[in-house]
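**Student:** the following block contains a protein sequence and its predicted model.
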Amino acid sequence: VLLVAINFLGVRFDKTLDLTKEKLNTLSDQTQTAVKALTSEITIYVFYRGNDDKELRSQLRQNFQPYLDLNSKLKLNFVDALADVDVAKRYLQNERFAVVLDYKGRKTVIEEPYGEEQTTSAILKATREQSKTIYFLTGHGEHDIDADGRDGLKELAEALRNDSYTVAKLNLTGGDKL
C-alpha cells in the first residue's frame, strides 16, 4: 500500500531533484527570479517541418521544462509549420527550425543552442518595458536598412527587430535630432 501511495504521489506531483554537486540541472538564481516574476502569459513556439527533428524537439521539451515548472504563465507549443501555415507565417521568416518567444504580441527568437543563457535572455528582451532603439546613420552613402543584397542591411535590421529592438534611420546632416 505504501509503494502504491508513493507511486501515485510521484505521478501526480512531478518533482525533480538535482543531486549533482555543481547543480548542473538547476536554473540559476537570476533566471528563477526573472521567470517567477512573470505576470503575463509567455508562449514559446517551437516550429518544425514535418517529421524531421524529433530528437531536437524532445531535447527542447527537456530544456524548457524547468521554466514551465517555475511559472504557469509560461506555455510551450510545438507547431508543424507545414500543417499550421497561418501561425508559421505570423512568426517565421524562412527558417526550417526556429524557436520563437511571444509576449504580448512581441516576438523574440531564441538562438541556438537553446540553453539557459539564450532562453533567459529572450525572456528578458521580450518582457522589458521600454523598447530600445538602434539608429542607422544616413546621408553620406551608408548602407540602407531597407535594401536587400550586398549594399543592404535589411537582414540585419530584421534580426534586430526579431530581438525586440526598434530600428530607425537617422540623418544628422538633414537636421534629425535624437
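**Tutor:** Sure thing, it's come through.
**Student:** contacts, neighbours, all on C-alpha from now
**Tutor:** Will do.
**Student:** distance of residue 65 from residue 139?
**Tutor:** 49 Å (Cα to Cα, to the nearest Å).
**Student:** next structured bit after the lengthiest helix in the chain?
**Tutor:** For the chain, the helix with the greatest residue count under DSSP state H is helix 54-70. Of the helices and strands lying after helix 54-70 in sequence (DSSP states H and E), the nearest is strand 74-80.
**Student:** and the next element down the chain from that next one?
**Tutor:** Using DSSP H and E, the helix or strand that follows strand 74-80 towards the C-terminus is helix 85-91.
**Student:** identify each buried residue in that following helix, please.
**Tutor:** For helix 85-91, a neighbour-count test (16 or more other Cα atoms under 10 Å) marks 88, 91 as buried.
**Student:** residue 34: which element?
**Tutor:** According to DSSP H and E, residue 34 maps onto helix 29-36.
**Student:** for the residue nearest to residue 176 when sequence neighbours are not counted, list each beta-bridge partner.
**Tutor:** Of all residues not flanking residue 176 in the chain, residue 170 sits nearest, at 6.3 Å (Cα to Cα, 6 or more residues apart in numbering). Going by DSSP bridges, residue 170 is paired in beta bridges with residue 137.
**Student:** got any ranges where the chain has weak pLDDT?
**Tutor:** For the chain, applying pLDDT under 70 flags the ranges 14-15, 17, 23-24.
**Student:** close enough to count as contact, residue 18 and residue 27?
**Tutor:** No. Between residue 18 and residue 27 there is no contact under Cα atoms under 8 Å: 10.2 Å.
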